[in-house]
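Q: give me the fold of what follows.
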Amino acid sequence: MVTMEVLRTCSDGQIKRRRPGAVAHICIPSTLGVSCDCTTALYKEAEIKRINKELANIRSKFKGDKALDGYSKKKYVCKLLFIFLLGHDIDFGHMEAVNLLSSNKYTEKQIGYLFISVLVNSNSELIRLINNAIKNDLASRNPTFMCLALHCIANVGSREMGEAFAADIPRILVAGDSMDSVKQSAALCLLRLYKASPDLVPMGEWTARVVHLLNDQHMGVVTAAVSLITCLCKKNPDDFKTCISLAVSRLSRIVSSASTDLQDYTYYFVPAPWLSVKLLRLLQSYPPPEDAAVKGRLVECLETVLNKAQEPPKSKKVQHSNAKNAILFETISLIIHYDSEPNLLVRACNQLGQFLQHRETNLRYLALESMCTLASSEFSHEAVKTHIDTVINALKTERDVSVRQRAADLLYAMCDRSNAKQIVSEMLRYLETADYAIREEIVLKVAILAEKYAVDYSWYVDTILNLIRIAGDYVSEEVWYRVLQIVTNRDDVQGYAAKTVFEALQAPACHENMVKVGGYILGEFGNLIAGDPRSSPPVQFSLLHSKFHLCSVATRALLLSTYIKFINLFPETKATIQGVLRAGSQLRNADVELQQRAVEYLTLSSVASTDVLATVLEEMPPFPERESSILAKLKRKKGPGAASALDDGRRDPSSNDINGGVEPTPSTVSTPSPSADLLGLRAAPPPAAPPASAGAGNLLVDVFDGPAAQPSLGPTPEEAFLRFVCKNNGVLFENQLLQIGVKSEFRQNLGRMYLFYGNKTSVQFQNFSPTVVHPGDLQTHILSAPPALRSQVDGGAQVQQVLNIECLRDFLTPPLLSVRFRYGGAPQALTLKLPVTINKFFQPTEMAAQDFFQRWKQLSLPQQEAQKIFKANHPMDAEVTKAKLLGFGSALLDNVDPNPENFVGAGIIQTKALQVGCLLRLEPNAQAQMYRLTLRTSKEPVSRHLCELLAQQF
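A: Residues are numbered from 1 along each chain as shown. Predicted coordinates:
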């Protein structure tokens with residue numbers, strides 16, 4: 001029975017191996033013989049010597065002429081298992097363990113199954129014998145043996161086990177003559193197999209019968225059945241819809257029962273708390289019951305739980321309060337999920353309000369988190385607002401940063417026009433001392449609230465400038481882009497904004513983002529405050545130029561554009577500004593962007609007439625009215641993972657894109673859909689350089705006395721396609737006529753792709769027709785539904801096409817994009833690979849080192865592995881490599897590979913038909929400038945294809 005003691009020491013249900021040489025702290029009966037010496041060994045050498053001696057003895061016993069009886073086999077197999085748990089490899093004894101499975105004694109069979117669960121790989125040659133022994137035990141109708149077999153299947157949990165027994169276990173589960181312990185084990189075993197390989201568990205008649213297990217008299221069976229049904233109904237909700245009434249009935253019986261009614265399942269005076277929580281979670285998988293009687297009974301249950309929360313505790317033990325609060329919070333989650341009972345919602349809010357000042361930090365955290373959701377309900381929003389002072393106090397005084405973050409989330413959720421100024425001012429005040437980890441998020445929240453509830457836009461300008469002053473390092477481009485757009489679009493605030501930013505720039509320590517905002521606003525609207533001697537044109541220029549040498553290249557480029565604007569607005573500053581542009585530090589600047597701007601602006605100011613300058617440097621037109629994309633950035637920051645987040649479409653010009661891609665310029669003539677805007681697809685480009693109109697373009701040609709330069713062509717279509725393997729946004733194709741930009745997002749087996757077609761000429765495209773082509777039988781693997789577009793694209797305009805994509809099965813070749821149109825009467829046609837590859841449907845998977853290596857060994861068939869050794873085509877940078885692997889879709893697992901220089905990843909490719917697990921290992925060799933990439937998946941073509949795709953990125 002030693003091995004059961006070993007298992008109980010592992011809190012996560014997994015058997016843990018000790019590293020060789022470490023002192024063991026497990027109490028082992030003396031029947032093992034070897035244990036006493038091993039557990040008292042102080043040095044690695046002494047332990048290894050003792051282990052080797054014992055292994056030699058066991059090996060001689062197994063190979064001896066004298067046949068061993070069942071007890072001896074069990075004893076020696078148990079010793080091998082213990083030695084393995086000490087961290088030493090075992091390469092014999094497997095057949096003896098398999099022989100124990102055929103024993104009729106429980107203890108011998110138990111040790112055999114335990115050895116198989118721990119040491120035997122699913123790809124072992126003995127797996128057929130093991131499966132036969134398991135089948136015999138499942139057919140024996142001996143409940144003890146059946147439970148042992150089911151436990152072994154669940155512990156191994158391999159796909160091979162699932163294929164062998166997935167059809168038998170449901171029959172055992174719903175069989176009328178199955179014992180309660182067998183039903184419980186069968187339900188949990190089926191749940192384990194379904195989580196590992198959902199496609200192997202067949203849905204059939206048994207699904208209707210398993211629902212009735214909720215009425216079983218045995219509470220253990222009900223608990224296991226609820227766990228199974230909760231998992232199954234997420235994918236097939238209609239098959240298990242009848243469970244609602246049964247779950248409500250069972251929940252009602254538990255809630256209304258006294259603690260003495262369910263003595264065997266009462267935990268510190270709380271009847272069946274685990275089952276109650278599971279039932280409440282199961283009900284959250286469905287909408288409110290349609291049957292009035294069932295709904296009434298459920299509401300009565302929920303009210304009873306809320307009433308019991310107000311009763312004095314029956315015990316001072318923390319276990320009692322934990323169990324009681326677990327049911328309460330799950331009840332509140334169900335009330336919020338239904339969002340249809342105003343009375344319950346208000347009562348839930350009041351109950352949570354009591355927890356806001358509770359001495360337990362965890363309860364305060366959970367209360368804030370639940371109230372965030374309640375604040376979005378129209379029935380409980382006002383009730384949540386009554387706790388604003390308590391939440392503000394929590395934001396100021398809480399010691400735990402996670403609780404402070406939830407308090408900030410709740411303030412954001414409860415904000416409306418009546419309390420916007422109070423909440424924004426409190427969040428700004430907190431921002432000065434906030435933890436660095438949450439500053440960016442608070443900045444985004446303040447920016448969104450200030451814009452959303454701004455009645456007076458001068459208050460909005462003050463708020464954003466104050467935001468930049470307090471936390472300038474955390475103010476992203478979205479925030480200051482947005483304030484520039486609003487100021488440009490509103491004549492009534494332009495003068496105030498120019499005056500306020502001019503005053504802000506006079507501070508001795510001024511953040512660079514403030515310089516950017518000031519440079520743009522003064523360049524556009526500085527004339528509105530030029531009448532004041534304190535802000536005359538020379539003073540404005542002098543103030544801006546005093547910041548010039550302290551700024552980055554991107555900000556200097558923006559300031560140079562402001563200077564040329566000043567020459568148009570204030571002719572008296574022309575000589576001074578030309579002197580700055582003519583300085584050797586500008587004309588011979590090491591940065592090509594600054595050098596080009598200085599040369600062009602100097603030439604423009606010297607050669608062009610006043611009319612030409614006025615045309616080229618005219619005031620920026622109003623931006624199209626739209627919702628802010630700051631909200632999209634906040635959603636991405638709060639999302640479930642880096643892998644599923646969209647890349648930001650607006651980047652600083654000095655930032656490095658991993659694959660060297662360029663984001664598509666989102667200036668359009670057509671009006672995209674609102675959903676596209678939420679993704680930041682219509683965000684304005686950086687206002688560093690004002691665009692010139694078509695007429696101004698002709699004037700520029702005359703000024704510089706030469707033909708207009710042709711736009712630089714991008715990479716080849718194949719290179720552009722490969723760049724999208726590890727990213728979702730960028731330019732797919734570009735020539736002298738047409739630019740095609742892509743912005744996409746993927747969730748599980750679904751995706752949405754936005755294609756932007758930009759006419760780079762001044763001539764209208766006729767018969768413009770982009771279509772998606774599925775070569776071969778690709779239509780059966782992936783679906784895409786492109787809407788029709790208008791057949792004309794005006795010169796300089798951009799149109800948008802949205803593709804909804806669904807991955808049905810794994811595929812190797814991407815769909816094709818065929819674009820046909822007429823330009824100047826001549827037909828134009830091109831065919832491109834659409835950047836939809838199988839890794840786009842990757843879902844990153846986190847796993848422990850032991851789980852990773854166990855799964856790695858299970859995928860050890862030659863056809864499941866693809867490996868490639870190749871020379872590095874790009875500089876070997878660890879951070880860039882990490883970013884590419886994350887962009888590829890896998891989760892990076894830390895502390896798994898013994899070599900810290902190697903990268904280990906895991907993920908699941910989601911398709912409608914099946915899921916394909918994938919493990920990868922990338923081993924860089926910096927000295928040889930080489931990589932070795934190894935991928936293992938459960939499907940051979942997927943392994944090879946993913947290996948080829950990923951290798952091309954390095």
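Q: just the helices in the stretch 251-400 of the chain please.
A: For the stretch 251-400 of the chain, applying DSSP state H, counting those that start in this stretch gives helices covering 273-283, 292-310, 318-338, 342-355, 361-374, 381-385, 388-397.
Q: the stretch 101-250 of the chain now?
A: 106-119, 127-139, 143-156, 159-165, 168-174, 180-196, 206-211, 219-232, 243-256.
Q: I'd like those laid out as a markdown table, including distance to residue 458.
A: Any C-beta I mention is one placed from the backbone N, CA and C, and that applies to glycine too. Formatted as a markdown table, those follow (distance: least, Cβ to Cβ, whole Å):
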| stretch | distance to residue 458 |
| --- | --- |
| helix 106-119 | 70 |
| helix 127-139 | 75 |
| helix 143-156 | 66 |
| helix 159-165 | 64 |
| helix 168-174 | 68 |
| helix 180-196 | 56 |
| helix 206-211 | 62 |
| helix 219-232 | 53 |
| helix 243-256 | 54 |
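Q: switch those helices over to a markdown table; also include mean pLDDT and distance to residue 412.
A: Formatted as a markdown table, the helices of the stretch 101-250 of the chain follow (pLDDT from 0 to 100; distance: least, Cβ to Cβ, whole Å):
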| stretch | mean pLDDT | distance to residue 412 |
| --- | --- | --- |
| helix 106-119 | 90 | 49 |
| helix 127-139 | 89 | 54 |
| helix 143-156 | 92 | 44 |
| helix 159-165 | 85 | 45 |
| helix 168-174 | 90 | 47 |
| helix 180-196 | 92 | 35 |
| helix 206-211 | 86 | 41 |
| helix 219-232 | 92 | 31 |
| helix 243-256 | 92 | 34 |
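Q: dump those into a markdown table; add distance to residue 327 and mean neighbour count as well.
A: Below are the helices of the stretch 101-250 of the chain laid out as a markdown table (distance: least, Cβ to Cβ, whole Å; neighbours: other Cβ atoms under 10 Å):
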| stretch | distance to residue 327 | mean neighbour count |
| --- | --- | --- |
| helix 106-119 | 34 | 22 |
| helix 127-139 | 36 | 18 |
| helix 143-156 | 28 | 21 |
| helix 159-165 | 34 | 20 |
| helix 168-174 | 27 | 20 |
| helix 180-196 | 22 | 22 |
| helix 206-211 | 23 | 18 |
| helix 219-232 | 14 | 22 |
| helix 243-256 | 8 | 21 |
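Q: nearest to residue 335, out of the ones you listed?
A: Each of the helices of the stretch 101-250 of the chain has some distance to residue 335 by Cβ to Cβ; the shortest is helix 243-256, at 13.7 Å.
Q: give me every residue that touches the residue lying closest to residue 152 once chain neighbours are set aside.
A: Distances taken as Cβ to Cβ, 6 or more residues apart in numbering put residue 113 closest to residue 152, at 4.6 Å, once the chain neighbours are dropped. Contacts of residue 113 were listed using Cβ atoms under 8 Å, 6 or more residues apart in numbering, and they are 101, 148, 149, 151, 152.
Q: let's see 10 Å
A: Each residue near residue 113 by Cβ atoms under 10 Å, 6 or more residues apart in numbering is listed here: 97, 100-101, 130, 133-134, 137, 145, 147-149, 151-153, 155.
Q: tell me what whichever helix or strand residue 525 is part of is packed against?
A: Assigned by DSSP states H and E, residue 525 belongs to helix 512-525. With contacts taken as 3 or more Cβ pairs under 10 Å, 6 or more residues apart in numbering; DSSP states H and E, helix 512-525 sits against helix 457-471, helix 477-489, helix 491-505, helix 537-545, helix 553-569.
Q: apply 6 Å and report the result again.
A: Contacts defined by 3 or more Cβ pairs under 6 Å, 6 or more residues apart in numbering; DSSP states H and E place helix 512-525 against helix 477-489, helix 491-505, helix 553-569.
Q: so residue 74 touches residue 108, yeah?
A: Yes. Applying Cβ atoms under 6 Å, one finds residue 74 in contact with residue 108, separated by 4.6 Å.
Q: quick check: buried residues in the helix or strand where residue 866 lies?
A: Taking DSSP H and E as the definition, residue 866 sits inside strand 865-871. Of the residues in strand 865-871, 865, 866 count as buried by neighbour count, 16 or more other Cβ atoms under 10 Å.
Q: swap in stretch 326-333?
A: For stretch 326-333, by 16+ other Cβ under 10 Å, it's 326, 327, 328, 329, 330, 331, 332, 333.
Q: contacts for that stretch, please.
A: 273, 276, 277, 280, 302, 305, 309, 348, 366, 370 (Cβ atoms under 6 Å, 6 or more residues apart in numbering).
Q: the same query, at a cut-off of 10 Å, please.
A: The contact list for stretch 326-333 (Cβ under 10 Å, 6+ apart) reads 251, 254-255, 270-274, 276-281, 283-284, 301-306, 308-309, 344-345, 347-349, 351-352, 355, 363, 366-367, 369-371, 373-374.
Q: of those residues, buried ones?
A: Buried among the contacts of stretch 326-333 by 16+ other Cβ under 10 Å: 251, 254-255, 270-274, 276-281, 283, 301-303, 305-306, 309, 344-345, 347-349, 351-352, 355, 363, 366-367, 369-371, 373-374.
Q: and the strands in the stretch 751-900 of the chain?
A: Counting by DSSP state E, counting those that start in this stretch, one finds strands in the stretch 751-900 of the chain at the ranges 765-773, 782-785, 798-807, 816-823, 826-833, 842-844, 865-871, 891-892.
Q: and the ones you listed, which one's lowest on average pLDDT?
A: Of all these, the minimum mean pLDDT falls on strand 782-785 (a mean of 58).
Q: tell me the contacts of the nearest residue to residue 207 once chain neighbours are set aside?
A: Computed as Cβ to Cβ, 6+ apart, the closest residue to residue 207 that is not its neighbour in sequence is residue 239, at 4.8 Å. Counting by Cβ under 10 Å, 6+ apart, residue 239 touches 203, 204, 207, 208, 210, 211, 229, 232, 233.
Q: and for the last one, the neighbour number?
A: This points to residue 233. As a burial measure, residue 233 scores 20 neighbours (other Cβ atoms under 10 Å).
Q: and it, how far is that from residue 942?
A: Residue 233 is 29 Å from residue 942, where distance means Cβ to Cβ, to the nearest Å.
Q: check the first one too.
A: Taking Cβ to Cβ as the measure, residue 203 and residue 942 are separated by 25 Å.
Q: same check on the second one?
A: According to Cβ to Cβ, residue 204 and residue 942 sit 28 Å apart.
Q: who has more neighbours, the two?
A: Neighbour comparison, residue 204 and residue 942: the larger count goes to residue 942, with 22 against 12 (by other Cβ under 10 Å).
Q: now do the strand or helix carrying that one: distance to the chain's middle.
A: Element membership for residue 942 (DSSP H and E) is helix 940-951. How far helix 940-951 lies from its chain's middle: 23 Å, per Cα atoms, centre = their mean, to the nearest Å.
Q: for it, buried residues please.
A: Across helix 940-951, burial judged by 16+ other Cβ under 10 Å covers 942, 943, 944, 945, 946, 947, 949, 950, 951.
Q: can I get the residues you listed in a markdown table including distance to residue 816?
A: Shown next, in a markdown table, are those (distance: Cβ to Cβ, whole Å):
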| residue | distance to residue 816 |
| --- | --- |
| 942 | 21 |
| 943 | 25 |
| 944 | 22 |
| 945 | 17 |
| 946 | 21 |
| 947 | 23 |
| 949 | 17 |
| 950 | 22 |
| 951 | 23 |
